[in-house]
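# Sequence first, then the predicted structure, then my questions.
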Amino acid sequence: MSQGRFISLEGGEGVGKSTQLRLLAEALRARGHDVVTTREPGGSAGAEAIRALLFEGDGERWSPAAEALLFAAARADHVERVIRPAVAAGQWVVCDRFLDSSRAYQGDARGLGDADVLALHRIGSGGLLPDRTLVLSLPPGEAEARELARDGAADRFRRRGDAYHARVRAFFERIAVEEPERVRLIDATGEEGEVTARLLAALDAIA
Ligand SMILES: Nc1ncnc2c1ncn2[C@@H]1O[C@H](COP(=O)(O)OP(=O)(O)OP(=O)(O)O)[C@@H](O)[C@H]1O
Ligand SMILES: Cc1cn([C@H]2C[C@H](O)[C@@H](COP(=O)(O)O)O2)c(=O)[nH]c1=O
């Protein structure tokens, strides 16, 4: 049995994560890997139910702590029921967002703190980390233009405003510097296929 892997795609809204999830999975399948694609919040029945709770209502419905707990609970179910079994069975799991989104959005931008988010992750998911995290990076105006062309309107997370999203972007850029073995910053400008090629190149030692 080949060795399973766990890869997460991260970054702000509209940078191309869902598009690249599909394209990267196709490229990895073409290399002979058995690939499972999934997403957060969600990815298992219980976690999708929590996703609905998180997306309903206005942006301040949940306190930072309650929101972090909901994301951590969804992740615990997803990790236990989907991610760990797939990796143990030799599959490659490619996930649209994971722990680093909680660190960026709840820990940093909502002020909960990195240590508390990591503590929730240790309790809920045994501290599982991806083998590689690929952070897609676009100039701010470009991500927003792509997002508005796709949706026409902002969802409750997008409505938190520019300063909030600037903190998220800065947090992702920082962890790529601080955790270079796991986290790679990827230029997400240009054609979809060019971005996929950069992602594949950034899988170097684990592919
Ligand atoms: N390389 C690209 N060039 C131009 N447009 C792109 C590119 N990649 C994705 N798009 C388009 O940009 C929009 C946002 O892409 P996508 O939905 O993949 O982003 P996302 O990061 O998953 O967003 P969100 O976090 O909001 O779910 C989509 O309409 C998609 O078709
Ligand atoms: C996993 C995770 C996500 N979020 C936020 C980030 C986005 O604004 C939404 C998810 O939207 P998407 O279109 O499905 O990417 O949720 C968060 O704040 N914390 C998290 O842990």
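Received, thanks. Ligands and ions are numbered 1, 2, ... in the order given.
# what's the average pLDDT for the helix ranked longest in the chain?
Assignment by DSSP state H gives helix 162-178 as the longest helix of the chain. Helix 162-178 carries an average pLDDT of 94.
# send the alpha carbons of that helix over as CSV?
Extracted in CSV, the C-alpha atoms of helix 162-178 (Å, rounded to 0.1, in the frame of the first residue of the first chain):
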residue,chain,number,x,y,z
ASP,A,162,-11.0,44.9,4.7
ALA,A,163,-9.0,45.3,8.0
TYR,A,164,-10.2,41.8,9.2
HIS,A,165,-9.2,40.2,5.8
ALA,A,166,-5.9,42.1,5.8
ARG,A,167,-5.1,40.4,9.1
VAL,A,168,-6.0,37.0,7.7
ARG,A,169,-3.8,37.5,4.7
ALA,A,170,-0.9,38.7,6.9
PHE,A,171,-1.3,35.7,9.2
PHE,A,172,-1.1,33.2,6.3
GLU,A,173,2.0,35.0,5.0
ARG,A,174,3.6,34.9,8.4
ILE,A,175,3.2,31.1,9.0
ALA,A,176,4.8,30.5,5.6
VAL,A,177,7.9,32.2,6.9
GLU,A,178,7.7,30.7,10.4
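# Is there proximity between that helix and ligand 1?
No. Against ligand 1, helix 162-178 shows no contacts by C-beta under 6 Å from any ligand atom, the least distance being 10.6 Å. In short, each C-beta sits where N, CA and C put it, glycine included.
# Go through that helix and flag the buried ones.
Under the neighbour-count criterion of 16 or more other C-beta atoms under 10 Å, helix 162-178 has 164-165, 167-169, 171-172, 175-176 buried.
# Would you tell me whether it gets close to ligand 2?
No. No part of helix 162-178 sits close enough to ligand 2 to count as contact by C-beta under 6 Å from any ligand atom; the gap is at least 8.0 Å.
# Which strands and helices lie in contact with that helix?
Packing contacts for helix 162-178, counted by 3 or more C-beta pairs under 8 Å, 6 or more residues apart in numbering; DSSP states H and E, involve strand 132-137, helix 140-151, strand 183-187.
# returning to that earlier point: wait, which of the buried residues of helix 162-178 is closest to ligand 2?
Val168 (8.0 Å; C-beta to the nearest ligand atom).
# Chain neighbours aside, what residue packs nearest to the closest one?
Closest residue to Val168 apart from its sequence neighbours, by C-beta to C-beta, 6 or more residues apart in numbering: Ala104 at 4.7 Å.
# In contact with that neighbour, which residues?
Residues near Ala104 by C-beta atoms under 8 Å, 6 or more residues apart in numbering: 10, 167-168, 171-172.
# touching ligand 1 at all, stretch 99-117?
No. Remark: stretch 99-117 sits outside contact range of ligand 1, by C-beta under 6 Å from any ligand atom, the gap being at least 9.3 Å.
# Determine how far that stretch lies from the middle of the whole chain.
13 Å (C-alpha atoms, centre = their mean, to the nearest Å).
# Please apply the same query to stretch 97-109.
How far stretch 97-109 lies from its chain's middle: 9 Å, per C-alpha atoms, centre = their mean.
# pLDDT (mean, whole number) over that stretch?
97.
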